[in-house]
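# predicted model follows, preceded by the sequence.
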Amino acid sequence: MSSQESFSSAQRSGSEAADLCIAVAKEKVSEKTDDPEAQNYDEATEMFYNGLRHERLGNLNAATLQIACAFLLNSRSINFATALPTGLDQTKKDMILDDELLVRLVMRKPDSYACSVLAIMLGQFMGRDPLMGQTFIGAAMVVIDMLLVEIESDPSRIESPEAGILGVLLTRTNLLFQRSGLHMTMGNRKKAIKDLTMALKIDKCFTKARESRACIYAAFKLKDDRTIHGEFKRVVEEYHKDNRGNEVAYGWLAVTIFNDSSLGSIDEANAYYDKCLKATLRRDEIYGQRSIDQLPEIIQVAHLRFQQHPSESLNSQRNLSGLIASMRDTTVNDEESRKDKYVCVKCGAKRKPDGGTVMKCTRCKSTSYCSRVCQKADWASHKHFCKAVESIASIHVEVEREKEIVTSYD
C-alpha cells in the first residue's frame with residue numbers, strides 16, 4: 001500500500017473501528033521494533049484518544065489540538081468511521097471519531113490552526129462521499145492554500161520549534177503531502193506529483209513523499225523502469241528496515257528488473273522479491289496480520305511474474321497464499337525454537353506446565369527446570385554442581401575487582 005492510500009485506510013467500517021479499539025488496548029507497536037514510524041504511530045494514537053477524552057470532558061481546545069497533531073504525525077492513528085454498528089457499547093463508541101463529531105470540531109473555531117487541520121482531515125476521510133465528497137475536498141484545498149501562503153511568507157514563524165505551533169508538525173512538506181492525496185482522490189495525478197516534488201525540494205529526505213511519487217509513477221506507468229527502480233531503491237535505503245512501505249518498494253524493485261533486464265539479474269530480482277515477502281511478514285507481525293486480498297497489489301503482480309519464469313529455483317512455484325503461509329509457519333517455528341532453547345534437566349520438558357518458558361536455577365543460572373517439583377527432585381545431585389558454579393563465579397568477581405583496583409592505582 002502506498003502512502004497515498006493511507007488516508008482511505010484510516011477510514012474504517014464501524015465494525016473495523018470497534019475491533020481497533022480492542023487492538024489498541026493490547027500493546028504498543030513500538031515495543032516490537034525501533035522503527036521511528038512505529039514510535040510516531042504510538043505517540044499519535046495516544047494523542048488521538050486523549051483528544052477524544054478531552055472532547056467528552058468538554059475541553060474542546062485540547063481536543064482539537066490533540067487530534068490535529070495526531071493526524072499530522074501519523075494519519076493511520078485516527079480511528080475514523082462514518083457509521084457505527086448498532087448495539088456498540090459506549091466504551092467503544094468513545095474511542096471512535098465519526099463524521100458528525102469531526103464536523104462539529106471543524107466548525108468550532110474554523111480560523112484556528114488546529115481546526116484548519118481537521119478540515120483537511122475531513123477532506124481526506126470524506127473525499128469519496130458521493131454527496132459531499134467534492135465539497136469537503138474543495139474546503140480542504142482552500143485551507144491548505146491559505147496555510148501555505150502564510151507559512152511561505154515567514155517559514156520560521158510557524159515551522160520553527162520556538163513557534164510551538166501544533167508540535168512543529170504544521171509544515172509545508174506535510175501540507176503538500178496532504179494536498180497531493182486530495183489531488184489523487186480527484187484523479188489529478190499531475191498535480192499530485194507536482195506537490196510531492198515540491199515537498200522533496202524543501203526536504204530531500206522526506207521519504208514518504210518520494211515513496212508516494214514513485215508509487216504514482218509505477219502504478220500509472222508515468223516514468224520508465226530505470227527511473228522507478230532508482231526511486232524505490234532510494235526509498236528502501238532511507239527507510240528503516242521495518243518500515244511498512246518496504247514491501248511495496250521491494251515488490252517494484254523486483255518487477256522493474258523483469259521489465260528491464262539491464263537493471264539486474266534474475267537472481268537479484270528474486271532477492272528483492274524475497275525481501276518483499278519478508279517485509280510483508282514483518283509488517284504484519286508489527287501492525288497486525290492481513291489476509292491475502294488485503295496485501296498491496298504489487299506483491300501479487302511480482303509473484304505472477306516469477307511464476308511465469310521458467311526457472312525452478314525461484315521461491316514462487318506455488319500460489320501466493322501458500323507461499324506466505326509457509327513463511328509464516330517458518331517464522332513461528334523459529335520463534336518457538338528460540339523459546340524452547342532450554343529444557344528441564346530432570347524430565348526433559350521444553351515448557352512449564354502452564355506453557356511458559358522453563359525457569360533457571362536462581363543460584364547458578366545454568367540449569368533449567370519446568371517446575372518446583374522437578375527442581376526439588378533434582379537437588380540432591382544438582383547442589384554439588386550449583387555450589388561449584390557459584391564458587392567459580394565468586395572467584396571471577398574477585399579477579400575483576402582486583403583488575404579494577406590495579407587500573408585505578410595506575
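Sure thing, it's come through. Just so you know, these numbers come straight off a predicted model, no measurement behind them. Numbers count the residues shown, from 1 in each chain.

# count of residues packed around Leu60?
17 (other CB atoms under 10 Å). C-beta coordinates here come from the backbone N, C-alpha and C atoms, glycine included.

# where does pLDDT dip in the protein?
Scanning the chain for pLDDT under 70 picks out the ranges 1-26, 310-341, 365, 384-410.

# try 80
Counting by pLDDT under 80, the chain shows low-confidence ranges at 1-27, 83-86, 307-343, 354-358, 360, 362-367, 380-410.

# report the residue ranges of every domain in it.
In terms of domains, the chain is parsed into 1-215, 223-339, 359-409 (source: automatic domain parsing).

# redo the ones you listed as JSON lines? Include distance to Gly348.
What follows is those, written out as JSON lines (distance: least, CB to CB, whole Å):
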{"stretch": "domain 1-215", "distance to Gly348": "32"}
{"stretch": "domain 223-339", "distance to Gly348": "16"}
{"stretch": "domain 359-409", "distance to Gly348": "9"}
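
# closest one to Lys346 among those?
In terms of CB to CB, the element of these nearest to Lys346 is domain 359-409, at 3.8 Å.

# what about the helices in the stretch 101-250 of the chain?
For the stretch 101-250 of the chain, applying DSSP state H, counting those that start in this stretch gives helices covering 113-126, 133-153, 155-159, 172-185, 189-202, 207-219, 225-238, 246-259.

# export those helices as a markdown table, with columns for distance to Tyr342 and mean neighbour count.
Listed next are the helices of the stretch 101-250 of the chain as a markdown table, based on distance: least, CB to CB, whole Å; neighbours: other CB atoms under 10 Å:
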| stretch | distance to Tyr342 | mean neighbour count |
| --- | --- | --- |
| helix 113-126 | 50 | 24 |
| helix 133-153 | 57 | 17 |
| helix 155-159 | 53 | 15 |
| helix 172-185 | 49 | 23 |
| helix 189-202 | 51 | 18 |
| helix 207-219 | 42 | 23 |
| helix 225-238 | 37 | 19 |
| helix 246-259 | 34 | 25 |
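
# which parts of stretch 262-274 are buried?
Using 16 or more other CB atoms under 10 Å as the test for burial, stretch 262-274 gives Leu263, Gly264, Ile266, Ala269, Asn270, Ala271, Tyr272, Tyr273, Asp274.

# try stretch 55-68
Neighbour-count burial for stretch 55-68, with 16+ other CB under 10 Å as criterion, is recorded at Glu55, Leu60, Ala62, Ala63, Thr64, Leu65, Gln66, Ile67, Ala68.

# of all those residues, which comes closest to Thr362?
Of these, the one sitting nearest to Thr362 (CB to CB) turns out to be Gln66, at 45.7 Å.

# nice, that's everything, thank you.
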